[in-house]
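give me a 3D structure for the following:
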Amino acid sequence: MKNKWFVIVNPTSGNGASKKKWPLIFQELNIQNFEFEVVFTEYKNHSEELVQNALKQGFTKLICVGGDGTLHTIVNEILSINPLNINEIKIGIIPIGTGNDWVKTYKISKKYKEAIQTIKSENTIKQDIGKIQILDSGKEVFFNNLAGIGFDGYVVNKVHKYKNLGFLAYLTGALVSITNYKKPRLEITFNNTILKDKTLMLLIGICNFSGGGMQLTKNPNSQDGLFDISFIKSVNLFQILTNISDLFNGKITNHKLVKNYKTTALQIKVLDKQETYIQADGELIGSGNFKVSILPKALHFIVPVNKS
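All right, here's what the predicted structure looks like:
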């Protein structure tokens, strides 16, 4: 299976765009002389089983046809299994999703022909991965882009209602939710520092973009072995509306309301009884107390030559 690709297609990605585009993608893969096996996800987290079967069969080259959620699931299954040959595994992506945030860091084209050319190059980088351990349940979740707790997770819990709005879904969810959100009191420990306060949100970044193209952490580097942290105590609807452009160009991280840090690990304790949502790569993963650690250069991803 050394030269054969295992292609996982999520037919619901991009509000069904994957299913519609698949015949064209299939044709292009054949034109470009890819040897591949293809499977379609049929239910939530089905890609976990598909990855497990692929690794058992000896596949080391995977293609994700979908969005951030599909990639997140594939990454989680690989790292949960942690095969002996993990350093041989390569992941390529043909992005068809709602936000397509992870690919923006590496400028992977949303045009399927260009994305296939990138995959054909097999040019890889070794990227850092975050590991979350939810303390009450013992659940472990990995993330390849950005995680958060507080308002960030609260919006992810709401945003499915606005999925048809594409990249505006997260922003719409935030604007609709901000006036009703009750801030939890958190204790955040890292680098011999303790932050203890009511918190709007805490963001833990590896890559540059989230929420449909927003840049909410300062100077992230996906290969430096460090998380980029944004800690925001409070913000109101007026402040969001007057700083919308800064959410997307990254200048929001210079705002006086945003505190920026770098660390390799942190622990978060919820000090009050309200349910506090945790999200990873735009997927709701649980609530409550948790700790986060970084796995430096844990996985190979295929990216354009100028981004390696």
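
just give me the neighbour total for residue 107.
11 (other C-beta atoms under 10 Å). In short, each C-beta sits where N, CA and C put it, glycine included.

so who does residue 223 touch?
125-128, 297 (C-beta atoms under 8 Å, 6 or more residues apart in numbering).

what of residue 277?
Taking C-beta under 8 Å, 6+ apart as the test, what residue 277 contacts is 149-150, 153-154, 156-157, 284, 286-287.

in terms of model confidence, name the weakest of those residues.
Among these, residue 157 has the lowest pLDDT, at 71.

that one - that's part of a helix, no?
Yes: assignment of residue 157 by DSSP: H, G, I helix; E, B strand; the rest coil places it within a helix.

from residue 277, how far off is the closest residue to residue 288 other than its chain neighbours?
Of all residues not flanking residue 288 in the chain, residue 136 sits nearest, at 4.8 Å (C-beta to C-beta, 6 or more residues apart in numbering). Going from residue 136 to residue 277 by C-beta to C-beta, to the nearest Å gives 14 Å.

with residue 242 instead?
For residue 242, the distance to residue 277 - C-beta to C-beta - is 26 Å.

next, residue 77: phi, psi?
phi -70, psi -40 (degrees, to the nearest 10).

what's the answer for the one 10 residues further on, then?
Summarising the backbone geometry of residue 87 under the convention degrees, to the nearest 10, its torsions are phi -70, psi -10.

what about the residue nearest to it when sequence neighbours are not counted, which SS state?
Distances taken as C-beta to C-beta, 6+ apart place residue 300 nearest to residue 87, at 7.3 Å, with adjacent residues excluded. What three-state DSSP gives for residue 300 is strand.

and for residue 300, the neighbour number?
20.

would you mind measuring from it to residue 10?
21 Å.

what's the neighbour count on residue 180?
Count around residue 180 with other C-beta under 10 Å applied: 8.

buried set for the longest helix seen in the chain?
If you go by DSSP state H, the chain has its longest helix at helix 13-31. Neighbour counts using 16 or more other C-beta atoms under 10 Å place 13-14, 17-19, 21-22, 25-26, 28-29 of helix 13-31 among the buried residues.

then stretch 28-42?
Quick answer for stretch 28-42 (16+ other C-beta under 10 Å): 28-29, 34, 39-41.

got a list of contacts for it?
By C-beta under 8 Å, 6+ apart, the list of residues contacting stretch 28-42 reads 3-12, 26, 47, 50, 59, 63, 66, 70, 112-113, 116-117, 120.

list the contacts for residue 201?
148-153, 230, 232.

10 Å instead?
148-155, 181, 183-184, 186, 216, 230-233, 235, 279 (C-beta atoms under 10 Å, 6 or more residues apart in numbering).
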